[in-house]
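Trainee: Would you be able to build a 3D model of this:
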Amino acid sequence: MKRVYVAGCYSANNVITVLDNMRKGIRMSTRVLLAGFSVFSPWLDYHFTLALQGDEKLTVDDYYGYSISWLEVSDIMLVLPGYETSKGTLNEISVAKDLDIPIYYSFDDLIKEVKP
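Mentor: Numbers count the residues shown, from 1 in each chain. Got it, this is the predicted structure:
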């Protein structure tokens, strides 16, 4: 099963936009999974934060590092619209290019060109 890393905006300057970014990212990740791919969805990271106890902490750098580790073993990257303002996504695109991981900017193009 091909591994698809789905990337796009997550953080924002207000909670409503963050939640909207999460909704869009999780929805696209679900579509990718339903299409027959194995998917990495960084918008599900919030589960880790909810599971922290006591003095346990995860930093933004912890999340970035773990996401890049999954990107490095992915077969494909799918980037959602609006990524141009996302520092994290721009970095992920750079890493994918350095590793020669194919990048798609449309779900339809991914489905047309790649078989799960």
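Trainee: so where do the helices sit in this protein?
Mentor: Along the chain, the segments classed as helices by DSSP state H run 15-34, 46-51, 60-72, 87-98, 107-113.
Trainee: Any chance of CSV for the ones you listed, columns mean neighbour count, mean pLDDT and distance to Val6?
Mentor: Glycine gets a C-beta too; all of them are placed from N, C-alpha and C. Below are the helices of the chain laid out as CSV (neighbours: other C-beta atoms under 10 Å; pLDDT from 0 to 100; distance: least, C-beta to C-beta, whole Å):
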stretch, mean neighbour count, mean pLDDT, distance to Val6
helix 15-34, 15, 97, 5
helix 46-51, 10, 95, 15
helix 60-72, 14, 96, 10
helix 87-98, 16, 96, 10
helix 107-113, 14, 97, 9
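Trainee: Generate JSON lines for the ones you listed, with distance to Cys9 as supplementary columns.
Mentor: As requested, these are exported to JSON lines (distance: least, C-beta to C-beta, whole Å):
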{"stretch": "helix 15-34", "distance to Cys9": "5"}
{"stretch": "helix 46-51", "distance to Cys9": "15"}
{"stretch": "helix 60-72", "distance to Cys9": "14"}
{"stretch": "helix 87-98", "distance to Cys9": "7"}
{"stretch": "helix 107-113", "distance to Cys9": "16"}
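Trainee: For Leu71, see how far away Val32 is.
Mentor: Going from Val32 to Leu71 by C-beta to C-beta, to the nearest Å gives 15 Å.
Trainee: wait, Asp55
Mentor: Taken as C-beta to C-beta, the span from Asp55 to Leu71 is 29 Å.
Trainee: swap in Cys9?
Mentor: Separation of Cys9 from Leu71 (C-beta to C-beta): 16 Å.
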